[in-house]
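**Student:** predicted coordinates and the sequence they were generated for:
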Amino acid sequence: MKLYQLSILEVTDGSAKLLSSAADLSSFSFYQRGSVGEFMTFMAKTVAERTAVGQRQSVQENSYTAHVYNAGRENLAAVVITDEEYPVRPAFSLLQKLIDDFVTSVPKTTWSNPSSIDFPAAKAYLAKYQDPKQADQIMRVQAELDETKIILHKTIEGVLQRGEHLDSLVERSNALSAQSKMFYKTAKSQNSCCVVM
C-alpha cells in the first residue's frame, strides 16, 4: 500500500487551481519522478474538476487510484493519489482532515498566490497515512482482531498432537454425552456443505 500524492485545489467555474500538495515519489526512479509528478498533478486537477460539489469518488487509472472529495466549502477539493491496494476508508478520512486543516491554518488571502502558501501539515499527513492501519483507528482494531484470530487458531492446532484430529478426540472422549457427540457430528456435516475452496 502506497500513498503517492495529496493535493488541495480550489475549484471555481469548472477549473481547478492547485493550492498545495505533497508527494512521495521515492518508489520511482530518479529519472521518472518529474514525469510521474506531472501526471499525478494533472490527474488530481482533472478529477477535482469533474467531481460535483459535496461528492466523494474514487477514480482508477492503470495502477493508480485518485480519491477525491469536493467539499464545496470555500470551493475546496482534496485529492489523494494512491496505489490500487490502498483502502478507501482512510483515504476519505484523510481528505476531510486535509480540507479542515487547510481552511483553519491557511488564510484565504494567500490563495491567490499558491507559491506563497505554507501548509506543512500536508507533508505530515503524507507520512502518517503511508500506513493506513496506524492512521485509522478502525483499521488498527481490525488488524488486532485478525492477529488474535490467527493466534487462537495456532493455539488450537498446537494443543492437538501430531496426526491427532478433533474428530477422533470427540469419538474417544468419555466426558461427552452421546447427545453432544451427535450434535458435533450433525453440525460438522451441515457446515461441510458450505466450504468454499
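**Tutor:** The structure has been received and is ready for your questions.
**Student:** for residue 18, list the residues it contacts.
**Tutor:** 7-9, 41, 44-45, 114 (Cβ atoms under 8 Å, 6 or more residues apart in numbering). (Glycine included, C-beta is placed from N, CA and C.)
**Student:** drop anything exposed from these.
**Tutor:** 7-9, 41, 44-45 (16 or more other Cβ atoms under 10 Å).
**Student:** re the thing from before, pLDDT added to the contacts of residue 18, as a markdown table?
**Tutor:** Output for those, formatted as a markdown table (pLDDT from 0 to 100):
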| residue | pLDDT |
| --- | --- |
| 7 | 92 |
| 8 | 93 |
| 9 | 91 |
| 41 | 91 |
| 44 | 91 |
| 45 | 92 |
| 114 | 85 |
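**Student:** please identify which pair of these lies farthest apart.
**Tutor:** With distances taken as Cβ to Cβ, the most widely separated pair in the contacts of residue 18 is 44 and 114, at 13.3 Å.
**Student:** if we can go back for a sec, mind putting the buried ones among the contacts of residue 18 into TSV with distance to residue 77?
**Tutor:** TSV is the format used below for the buried ones among the contacts of residue 18 (distance: Cβ to Cβ, whole Å):
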residue	distance to residue 77
7	9
8	8
9	5
41	14
44	9
45	10
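**Student:** in strands only, show me the residues you listed.
**Tutor:** Among these, DSSP state E puts 7-9 in strands.
**Student:** and of those residues, the nearest to residue 74?
**Tutor:** residue 8 (10.3 Å).
**Student:** residues contacting that closest one?
**Tutor:** 18-21, 76-78, 98-99, 102, 119, 122.
**Student:** and these as a markdown table, adding distance to residue 29 and pLDDT?
**Tutor:** Listed next are these as a markdown table, based on distance: Cβ to Cβ, whole Å; pLDDT from 0 to 100:
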| residue | distance to residue 29 | pLDDT |
| --- | --- | --- |
| 18 | 24 | 92 |
| 19 | 29 | 92 |
| 20 | 26 | 91 |
| 21 | 21 | 91 |
| 76 | 33 | 92 |
| 77 | 30 | 92 |
| 78 | 28 | 93 |
| 98 | 28 | 90 |
| 99 | 33 | 91 |
| 102 | 31 | 91 |
| 119 | 28 | 89 |
| 122 | 24 | 88 |
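**Student:** what about the residues you listed, which are in strands?
**Tutor:** Per DSSP E, these map to strands at 18-21, 76-78.
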